[in-house]
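J.: coordinates only, sequence not included:
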């Protein structure tokens, strides 16, 4: 397999804010055709890392280290060069589909405009491509709904429109930043299945950013765990869930209420943690589990 995205010792700092780096020395590689997950709690640096790859950080951000997409260095590129790459070499699905779509512009035209921004095609050809994409992502009666505005779609359908726009020019790398956060569980599963199906059909590499461990377990081939801007652990998904190595990863998995003994207390991850504090949290949880089991057995 070939490496699509290579990140080396990446650092991101924001002037005028917290003195600590938002991303601190992160290094990872993502292979062609895989779904790579980055998981961590809010503020861990997941979205900042994704925005650094896309070149979408605010003006007060400074980036150090390397970001290479198919061997091409992205750090230091000008806005014009990055704009040409966005949508073709890399594309992004944001958390809130409603905020990503123009509320008064027909969704089909929004997809078609994405096509025309990077291809020398006629309006008719762009329209046909947009309808094809809408049909591919599961929009019923795509031709008739081409002229509908976003508020006429459900949340799940709006997210499908955003995915269609992101895939309009067959990007090699698709970054999905919390793509199912605002959706109910059923629609969430459908969107994840859609992303996985499109990945298999087009050979697209997917970087999936989420705080949801359940989402990671369903679709990701490998997963990285971030906290405080740092990369703490990277492993195949099955290995991470079966044998987490870092104390923070173990604490994060233990904090998931699914499967916890009834009436037992879930561990709390302190805001400023240390390896010792997390190991103590693990011991407390083990003690609580034994007590709950003893109560259940009479």
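T.: The structure has been received and is ready for your questions. Since the model is a prediction, treat every value here as computed from it, not as a measurement.
J.: so where is the stretch 101-250 of the chain shaky, pLDDT-wise?
T.: Applying pLDDT under 70 to the stretch 101-250 of the chain flags residues 182.
J.: Just after the strand of greatest length in the chain, pick out the following helix or strand.
T.: When the chain is scanned for its longest strand (criterion: DSSP state E), the result is strand 3-14. Tracing the chain past strand 3-14, the next element assigned as helix or strand by DSSP states H and E is strand 23-31.
J.: strands paired with that next one, and their directions?
T.: Sheet pairing of strand 23-31 (DSSP bridges) gives strand 3-14 (antiparallel).
J.: So what touches the strand it pairs with?
T.: For strand 3-14, contacts defined as C-beta atoms under 8 Å, 6 or more residues apart in numbering pick out 21-32, 45, 48-49, 52-53, 57-58, 60-70, 172-173, 205, 207, 229. Where C-beta positions appear, they are placed from N, C-alpha and C, glycine not excepted.
J.: again, 6 Å this time
T.: 21-32, 48, 52, 60-69, 172-173, 205 (C-beta atoms under 6 Å, 6 or more residues apart in numbering).
J.: picking that back up, could you check how far the longest strand of the chain is from the centre of its chain?
T.: 15 Å (C-alpha atoms, centre = their mean, to the nearest Å).
J.: Name only those of the contacts of strand 3-14 that count as buried.
T.: With burial judged by 16 or more other C-beta atoms under 10 Å, the buried subset of those is 21-24, 26, 28, 30, 48, 52, 61, 63, 65, 67-69, 172-173, 205.
J.: quick one on the thing from earlier: need the mean per-residue confidence for the longest strand of the chain.
T.: Taken as a whole, strand 3-14 has an average pLDDT of 96.
J.: Go through that strand and flag the buried ones.
T.: 4, 5, 6, 7, 10, 11, 12, 13, 14.
J.: Out of the residues you listed, name the two that are farthest from one another.
T.: The distance between the two most remote of the buried residues of strand 3-14 (C-beta to C-beta) is 27.4 Å, for 4 and 14.
J.: How much space separates the nearest residue in space to residue 107 that is not next to it in sequence from residue 194?
T.: The shortest distance from residue 107 to any non-neighbouring residue, by C-beta to C-beta, 6 or more residues apart in numbering, is to residue 161 (4.8 Å). In this view, residue 161 and residue 194 are 12 Å apart by C-beta to C-beta, to the nearest Å.
J.: In terms of pLDDT, where does residue 259 sit?
T.: 54.
J.: Kindly reformat the buried residues of strand 3-14 as a markdown table containing distance to residue 239.
T.: Shown next, in a markdown table, are those (distance: C-beta to C-beta, whole Å):
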| residue | distance to residue 239 |
| --- | --- |
| 4 | 22 |
| 5 | 21 |
| 6 | 22 |
| 7 | 21 |
| 10 | 24 |
| 11 | 28 |
| 12 | 28 |
| 13 | 32 |
| 14 | 34 |
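J.: where does the residue nearest the centre of the chain land in three-state SS?
T.: With distances taken as C-alpha atoms, centre = their mean, residue 209 lies nearest the centre of the chain, 2.3 Å away. Secondary structure assignment for residue 209 (DSSP: H, G, I helix; E, B strand; the rest coil): strand.
J.: right, and it touches residue 175 too?
T.: No - using C-beta atoms under 6 Å, residue 209 is not in contact with residue 175; the gap is 7.1 Å.
J.: which neighbours do those two share?
T.: residue 50.
J.: related to what we said a few turns ago, and residue 161 and residue 194? Which one has more around it.
T.: Applying other C-beta atoms under 10 Å to residue 161 and residue 194 shows that residue 161 carries more neighbours, namely 25 against 19.
J.: what does the helix or strand harbouring that one rub up against?
T.: Assigned by DSSP H and E, residue 161 belongs to helix 155-166. Helix 155-166 has contacts (C-beta under 6 Å, 6+ apart) with 91, 93, 97, 100, 107, 111, 114, 133-134, 137-139, 150, 182-183, 187, 191.
J.: same deal with stretch 46-55?
T.: So stretch 46-55 is contacted by 12, 22-23, 38, 40, 57, 63, 67, 82, 92, 175, 177, 209, 226 (C-beta under 6 Å, 6+ apart).
J.: so which pair among these is furthest apart in space?
T.: 40 and 82 (25.4 Å).
J.: neighbour count winner among those two?
T.: Taking other C-beta under 10 Å, residue 40 and residue 82 do not tie; residue 40 has more neighbours (24 against 15).
J.: about what we covered before: compile the contacts of stretch 46-55 into TSV and extend it with columns for distance to residue 128 and secondary structure.
T.: Putting those into TSV (distance: C-beta to C-beta, whole Å; DSSP: H, G, I helix; E, B strand; the rest coil) gives the following:
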residue	distance to residue 128	secondary structure
12	40	strand
22	42	coil
23	41	strand
38	36	strand
40	41	coil
57	36	coil
63	39	strand
67	35	strand
82	28	helix
92	25	strand
175	27	strand
177	29	strand
209	32	strand
226	41	strand
